[in-house]
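Undergrad: fold the following.
(one chain, ligands or ions: 1)
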Amino acid sequence: MKIDLNIETNKALKVVVLTGAGISAESGLKTFRDNNGLWENHRVEEVATPEAFSADPDLVYRFYNTRRQQLLSGDVKPNAAHAALAQLEDMLGDNFLLVTQNVDNLHERAGNKNILHMHGELTSVKCVSSGVAFHTDSDIDMHSRCTCCTPANRLRPDIVWFGEIPYHMTEIENRLAEADVFVSIGTSGNVYPAAGFVQFAKRCGAYCVELNLEPSNGSHEFDAAFHGRATDIVTKFVSAISRSSS
Ligand code: APR
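TA: Down below sits the predicted model:
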């Protein structure tokens, strides 16, 4: 597949990339909606809502502990698509922003630094009372306690569950408003607000590109769409954008 981008510019391009579960699929992490609507054999309502955490905290702790252990096991590594985005950040510096819906740390491990995790992170937990976040590589449970309160409070996974407000929305909107190019990678376009970024970026003047295995729900909103495996099309996209901006 050849990727031609209709972008000509003699100024430094400002690029915002949004990633979803599809970019990590070839690293061995399951996506959310490719498995009969089940995420690692669970319905999202069982593990990814505040109500689920109240009803069965042990199940929710176990679920995210298992995801964290899998991520840190050594079997899961960044793939060529993650590496290509690290290369793009090297090229564009602070004109590049990576917004991810993913809770894995594969972008960081590939070398990206300008990252906003809008749905939280597996390697972070937070105090249920103050919201203060703590890095962790270890399991947590009902007995784990914060160090920010006296008396210490319970900890929960630092994951934005359904019904909660995604992180960093003001900064994301500001950067989308200034972007020359918006790229959406490996996301089905089912979950808002991320699914609405394309309309917003387009209204603000960005050239919008979709890179996904198949057309997403909002595919028609993009100026260009390329479909295939992330390791293939993201690598080609980064080569194409390097040519356009050099
Ligand atoms: N390369 C590119 N795209 C792929 C690949 C691949 N190898 N494998 C799968 N995909 C695509 C699928 O075709 C699908 O469109 O990735 C997309 C993954 O979609 P979802 O599973 O819905 O994941 P995502 O869009 O990230 O979900 C958004 O939903 O459950 C919540 O909070 C959770 O962040 C998540 C949010």
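Undergrad: after the longest strand seen in the chain, next one along is what?
TA: Ranked by number of residues, the top strand in the chain under DSSP state E is strand 120-127. Counting by DSSP states H and E, the element after strand 120-127 in chain order, helix or strand, is strand 133-135.
Undergrad: kindly report the residues of this protein close to the ligand.
TA: With CB under 6 Å from any ligand atom as the criterion, the chain meets the ligand at residues 20-22, 25-26, 31-34, 44, 101, 119, 186-188, 190-191, 212-214, 216, 229-230. All C-beta atoms are positioned from the backbone trio N, CA, C, and that covers glycine.
Undergrad: and Gln87, what does it touch?
TA: Gln87 is in contact with Val238, counting by CB atoms under 8 Å, 6 or more residues apart in numbering.
Undergrad: next one: it from the ligand, what distance?
TA: Gln87 is 18 Å from the ligand, where distance means CB to the nearest ligand atom, to the nearest Å.
Undergrad: that's a strand at that residue, yeah?
TA: No: under DSSP: H, G, I helix; E, B strand; the rest coil, Gln87 sits outside any strand and is assigned helix.
Undergrad: quick one: pLDDT of it?
TA: On the pLDDT scale, Gln87 is placed at 97.
Undergrad: equivalent analysis for the one 3 residues further on, please.
TA: Here, the pLDDT recorded for Asp90 equals 97.
Undergrad: quick one on the thing from earlier: please produce a ChimeraX select command covering the buried subset of the residues of the chain next to the ligand.
TA: The buried subset of the residues of the chain next to the ligand, as determined by 16 or more other CB atoms under 10 Å, is captured in ChimeraX by this line:
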select :20,21,22,25,26,31,32,33,44,101,119,186,187,188,191,212,213,216,229,230
